[in-house]
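Engineer: kindly return the folded structure for what I paste below:
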Amino acid sequence: MAQGFDPAAATAAYLATLSPEAHAKATAYTQGGHWVLLWGTLVSILISWLVLKSGVLVGLRAGVERAKPRPWLAVLVVVVVDTIIEGLLAIPWEAYANWWREKSYGLTSRAFQGWLGEHFMHMAVGLVSTLILFLLVYWLIRRAPRTWWLWGGVGFMVVSLAFFILQLFLIEPLFNTYKVAPPGPVRDEVVAMAKQVGVPSDKILIYDGSKQSNRYTANAGGIFGFGRVAMSDVMFKKDADLAEVRGVVGHEMGHYVRKHILIGDVAKGLLTLVGLFLADRLFPAAARILGAKGVKGIADPAGLPVLSILFAVLGLLATPLTNTFSRWVEADADHFSVVHFNEPDGLAKALVKTIEYRASSPSKLEEFIFYDHPSVESRVRAMMEWKATHPPRQPVAEPAPPPAAEPSAS
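Structural biologist: Residues are numbered from 1 along each chain as shown. Alright, predicted model coming up:
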């Protein structure tokens, strides 16, 4: 350990760069978010129940199949109508949880009309993806009524990877403008980093993340050789220097190199398989309890709200498990960054800037249940432990140049 260097004191010093008022505000936002998770699930359940009790989906399915059985068409019509109705009914809650609350805590500068327009775009994209998924699910139920849940879990892994690639290169550009990072120290440094660890270095991008959020972030996404490094302009609006860029982008490159997308896809696929199995076994009882009049069974698309409610409950119960996996992935990416790029202070400075939307020091129980990243305090402490036992790298030039992408006026 470096003589005279105390990792605990260094961690406390980093956390103390924020005022007690800022920490209190972050805690209020974070703990309020735990209630948002619960209430969001209850709102989703209520909306699905209202659609189920209305009988509209049973009527649609019966109308489509009045002349002859056309199961694929019945699924298409029911899924489209159900998704639109539930999406519209959820707008007031979504506006509160994802715009008003973010606005009140200073985490977005976006006007409501801009948020609403983009929300409708997300609904349209979600409609297409939901339709594809449930056409596949109901086809499997009809073809393999005993083992559909098993094939569904396997199919989820394949479809999820396809959606990820589409998200990266087709869907995300619908919502943000991605521009090649201008020549200069930032681009040169990130290109060198990418070449060092085998990440594609021809797509170093800056995007107008401030259009949606004031959160400090970056990402390096891709699989099978398709990849990019994308930095939000918020990083530079919050004065990210090259040490921070190296720490943060190194973390994101860790996700790519360590194949976290593929590992996560397998993990989510297995969890989905378990969820589909439970849904298959619980559907009859759930349909009775919910009063699903006219629903003939799990193969009947009119019972989609029953499945939605089951998935909502199972998803909420699985939150500690999925968050534990996510924390492991994020800690692994931190370790990759500091091992390969040796910027413990750069990453620590960046982490402190994320406290505004993720309280720094939760209890162990709170972190276990609700946190999808390790606490900032534990992550900074890990960086300081590394710093105590490793010599510093040579300093880099700073400051970084401003981003090329400008935020939208909406």
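
Engineer: are we agreed that K68 is in a strand?
Structural biologist: No: the assignment for K68 (DSSP: H, G, I helix; E, B strand; the rest coil) gives coil, which keeps it out of a strand.

Engineer: in contact with it, which residues?
Structural biologist: K68 makes contact with no residue, according to Cβ atoms under 8 Å, 6 or more residues apart in numbering. No exception for glycine: its C-beta is placed from N, CA and C like everyone else's.

Engineer: quick check on it: phi, psi?
Structural biologist: phi -160, psi 160 (degrees, to the nearest 10).

Engineer: same thing with L205?
Structural biologist: The phi/psi pair for L205 (degrees, to the nearest 10) is phi -120, psi 150.

Engineer: residues in contact with the residue nearest to L38 when sequence neighbours are not counted?
Structural biologist: In space, and not counting its chain neighbours, L38 is closest to L316: 7.4 Å by Cβ to Cβ, 6 or more residues apart in numbering. Applying Cβ under 8 Å, 6+ apart to L316 gives the contacts 37-38, 41.

Engineer: point out where the stretch 251-400 of the chain drops to low pLDDT.
Structural biologist: Across the stretch 251-400 of the chain, the ranges flagged by pLDDT under 70 are 394-400.

Engineer: could you pull out the helices for it?
Structural biologist: Here the stretch 251-400 of the chain has its helices, by DSSP state H, counting those that start in this stretch, at 260-290, 304-317, 319-341, 344-352, 364-370, 376-389.

Engineer: what comes up buried for the shortest one?
Structural biologist: Across helix 364-370, burial judged by 16 or more other Cβ atoms under 10 Å covers 367, 370.

Engineer: with the longest one instead?
Structural biologist: Neighbour counts over helix 260-290 (16+ other Cβ under 10 Å) mark 260-261, 264-265, 267-269, 271-273, 275-280, 282-283, 286-287, 290 as buried.

Engineer: what's the angle between it and helix 319-341?
Structural biologist: If you take axes from the mean of the first three to the mean of the last three Cα atoms, to 10 degrees, helix 260-290 sits at 170 degrees to helix 319-341.

Engineer: against which helices or strands is helix 260-290 packed?
Structural biologist: helix 148-166, strand 218-223, helix 304-317, helix 319-341 (3 or more Cβ pairs under 8 Å, 6 or more residues apart in numbering; DSSP states H and E).

Engineer: tell me the angle the first one makes with helix 260-290.
Structural biologist: So the one you mean is helix 148-166. 130 degrees.

Engineer: same deal with the longest one?
Structural biologist: Using the same axes, to 10 degrees, the interaxial angle of helix 319-341 with respect to helix 260-290 works out to 170 degrees.

Engineer: mind saving the C-alpha coords of stretch 233-246 as CSV?
Structural biologist: Presented in CSV, the C-alpha positions along stretch 233-246 are these (Å, rounded to 0.1, in the frame of the first residue of the first chain):
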residue,chain,number,x,y,z
ASP,A,233,-22.9,15.3,-24.2
VAL,A,234,-23.9,15.5,-20.5
MET,A,235,-20.4,14.2,-19.6
PHE,A,236,-18.9,17.3,-21.1
LYS,A,237,-21.5,19.7,-19.8
LYS,A,238,-20.4,18.5,-16.4
ASP,A,239,-16.8,19.1,-17.2
ALA,A,240,-15.5,15.6,-17.7
ASP,A,241,-11.7,15.6,-18.1
LEU,A,242,-9.7,13.0,-19.9
ALA,A,243,-9.1,11.0,-16.7
GLU,A,244,-12.9,10.7,-16.3
VAL,A,245,-13.4,9.8,-20.0
ARG,A,246,-10.8,7.1,-19.6
